[in-house]
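**Q** Okay, sequence plus prediction incoming.
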Amino acid sequence: MKRQSGAVLFLALLMTLMLTGLLVLEVEKTTVEIAMVGNERFAKTAYAVAEGGLVATTAKASQDPQGFLAFAALHNYIIKDEDLNFTVYDLAAAGSFGREGANASIVEFETEMTHPFVTNRIPGYSLQGLCFRRYIWTTTSKYGLGEEAGPNTTSVEHTQRLSVQRARSMVYLGPVPCNL
């Protein structure tokens, strides 16, 4: 009788150990999945920053196309968010990025302009002596949390995350005087 109760105790301990192992594996799997969802969210936000950078640069160019070309030449045809002289994103808790925006220490973009292709033909325009310049604009954005928490923290809230994304657009800028 005593041998049977020892075997039952051994089997109960073995089952408890197996269930604990399965629980640990499931917790680890869930932690990885939560991190993956967070990374996906950061990537989508960074892409939105890149698209916003394209829109902001296009808005600046549409105000004064000829002036913008001189402005772009001064910046070697790479326009950064701080070059635009207006705030594109609101990082307050109720701003562009929600509660997370107040913690974002890296929100920036730069738009690189290719060498222009000059054309006098664009649908809807018939302007004598004026042309348009076609550019491919590539905006690279960075969105993330920096190292402000310090290197020795292990909390999920203080991890360093950075996502870099690109958006590309074809832009016709003009009308500008023809150099043909």
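**A** Here it is on my side, so go on.
**Q** what number of residues lie near residue 111?
**A** Residue 111: 31 surrounding residues under other Cβ atoms under 10 Å. C-beta here means a position set from N, CA and C on the backbone, and glycine is covered the same way.
**Q** ok, now residue 173?
**A** Close neighbours of residue 173, defined as other Cβ under 10 Å, add up to 21.
**Q** okay, which residue is most central for this structure?
**A** Among the residues of the chain, the one closest to the centroid is residue 46, at 1.1 Å (Cα atoms, centre = their mean).
**Q** ok, it to residue 78 distance?
**A** 18 Å (Cβ to Cβ, to the nearest Å).
**Q** try residue 86
**A** Computed with Cβ to Cβ, the distance linking residue 86 and residue 78 is 18 Å.
**Q** So if I had to pick from those two, which one is more boxed in?
**A** residue 78 (13 against 8).
**Q** residue contacts, that one?
**A** 110-113 (Cβ atoms under 8 Å, 6 or more residues apart in numbering).
**Q** can you check residue 52 too?
**A** Residue 52 makes contact with 88-89, 109, 141, according to Cβ under 8 Å, 6+ apart.
**Q** Mark which of the residues you listed are part of helices, please.
**A** When these are checked against helices using DSSP state H, none is located there.
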